[in-house]
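Enquirer: Build me a model:
(chains A and B)
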Number of protein chains: 2
Amino acid sequence: MDLLGDWWTPLVLREAFYGVRRFDAFQQSLGIARNTLAERLRRLVEEGLLEKVAYQSEPVRYDYVLTPMGRDFYGVLMAMNAWGDRWLAGDEGAPVVFRHERCGRDDVRADVVCSGCGEALNPEDTRPRLGPGYPERLAELPLVRERFAS
Amino acid sequence: MDLLGDWWTPLVLREAFYGVRRFDAFQQSLGIARNTLAERLRRLVEEGLLEKVAYQSEPVRYDYVLTPMGRDFYGVLMAMNAWGDRWLAGDEGAPVVFRHERCGRDDVRADVVCSGCGEALNPEDTRPRLGPGYPERLAELPLVRERFAS
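Expert: The predicted structure is shown next:
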């Protein structure tokens, strides 16, 4: 069993980044049940990560294309990929490697860093605090007050 | 409906980073059904992200504690959080903000960057290639050859 095996959402998105657009192509790549795939695609469209673009009429058929919000999920997938390579790859190494064409390097990986200083973000030195958008009614709960006590 | 609403795995991990260790505390924080939570915790232990540490005997009771592999998932969660703040936060702003104690800045976010050059990794300028660990029997499939053609 694969940890990401029931995370169909990121897997569907990964296929979209590989250029997959058609229902049947997603289905073939992922080996996912058609009804599960239909549900995942429907939800990704509803949430705004994919959009349906008609590529024929009578009968109408759709491509599933990444929206800007969906394209912006790339960093999360790359961070997930780097983590998987560190912990789940066998002795042979990573199943997929990446070339960063902008800098010209092969075999790069994603690093997750602080937007302020550019150093790696670790749980030891990063402290969560209540933000302006935290729901007021929840902010009063003892569980929440305790969690974000500073 | 929340996009991450059925991704119990990262939500359980996020609670663990907040210091949650007990079954009942996970259950209270997440408002998740007990059997779903038990299944998620069991799987995270099986996959190596959490470990069970007995905190009492007769009857034996366990804490669920992040392993090094689980702690290393932090970057993925932070990248996911930054994405959520960009696309899902309301006008009020982020529900949770972060202070990076190492650099002393408030309101930092996670950036996902190239390990080679430190610049943001975008799908437009990052090319996937077959890695050494790609299963040989799959590497021959037309679908795969086409995907990784360079």
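Enquirer: Secondary structure element holding A:Leu138?
Expert: Per DSSP states H and E, A:Leu138 falls inside helix A:136-139.
Enquirer: same question, A:Tyr64
Expert: Element membership of A:Tyr64 [criterion: DSSP H and E] is strand A:61-66.
Enquirer: Check which helices and strands that strand sits against.
Expert: helix A:8-17, helix A:23-30, helix A:34-47, strand A:50-56 (3 or more C-beta pairs under 8 Å, 6 or more residues apart in numbering or on different chains; DSSP states H and E). C-betas here are computed from N, CA, C, even on glycine.
Enquirer: re the thing from before, after the helix holding A:Leu138, next one along is what?
Expert: Next along the chain from helix A:136-139, counting by DSSP H and E, comes helix A:142-147.
Enquirer: Tell me how many other residues surround A:Leu121.
Expert: 27 (other C-beta atoms under 10 Å in any protein chain shown).
Enquirer: Could you do A:Gly118 as well?
Expert: A:Gly118: 12 neighbours (other C-beta under 10 Å).
Enquirer: what about the residue lying farthest from the centre of chain A, is that helix, strand or coil?
Expert: Largest separation from the mean C-alpha position in chain A: A:Glu58, at 33.8 Å (C-alpha atoms, centre = their mean). Under DSSP: H, G, I helix; E, B strand; the rest coil, A:Glu58 falls in the coil class.
Enquirer: Just the local confidence number for it, please.
Expert: Looking at A:Glu58, its pLDDT stands at 91.
Enquirer: same deal with A:Gly5?
Expert: On pLDDT, A:Gly5 comes in at 39.
Enquirer: ok, A:Pro10 touching A:Met80?
Expert: Yes - assessed by C-beta atoms under 8 Å, A:Pro10 is found in contact with A:Met80 at 6.5 Å.
Enquirer: Poorly predicted segments of chain A, please.
Expert: By pLDDT under 70, the low-scoring segments of chain A are A:1-7, A:150.
Enquirer: Going by the annotation, which residue ranges form each domain of chain A?
Expert: Chain A breaks down into these domains under automatic domain parsing: A:3-67, A:74-108.
Enquirer: Nearest to B:Thr36, out of those domains?
Expert: domain A:3-67 (12.0 Å; C-beta to C-beta).
Enquirer: starting at the chain centroid, how far to that closest one?
Expert: Centroid displacement of domain A:3-67 relative to its chain, using C-alpha atoms, centre = their mean, to the nearest Å, is 14 Å.
Enquirer: Just want the phi and psi numbers for A:Leu121.
Expert: A:Leu121 adopts backbone torsions of phi -90, psi 120, taken as degrees, to the nearest 10.
Enquirer: distance of it from chain B?
Expert: For A:Leu121, the distance to chain B (C-beta to the nearest C-beta, to the nearest Å) stands at 5 Å.
Enquirer: Next up, the contacts around that residue.
Expert: By C-beta atoms under 8 Å, 6 or more residues apart in numbering or on different chains, A:Leu121 lies in contact with A:Val112, A:Val113, A:Cys114, B:Tyr74, B:Gly75, B:Met78, B:His100, B:Val108, B:Ala110.
Enquirer: residues contacting A:Glu97?
Expert: Slight slip there: residue A:97 is Val, not Glu. A:Val97 touches A:Asp106, A:Asp107, B:Pro128, B:Arg129, B:Leu130, B:Gly131, B:Pro132, counting by C-beta under 8 Å, 6+ apart.
Enquirer: From A:Leu130, how far out is the closest residue to A:Leu50 other than its chain neighbours?
Expert: Nearest residue to A:Leu50 in three dimensions, chain neighbours excluded: A:Leu44, at 4.3 Å (C-beta to C-beta, 6 or more residues apart in numbering or on different chains). Plainly put, A:Leu44 is 30 Å away from A:Leu130 if you go by C-beta to C-beta, to the nearest Å.
Enquirer: Next: A:Arg40.
Expert: A:Arg40 is 33 Å from A:Leu130, by C-beta to C-beta.
Enquirer: What of A:Arg42?
Expert: From A:Arg42 to A:Leu130 the distance is 34 Å (C-beta to C-beta).
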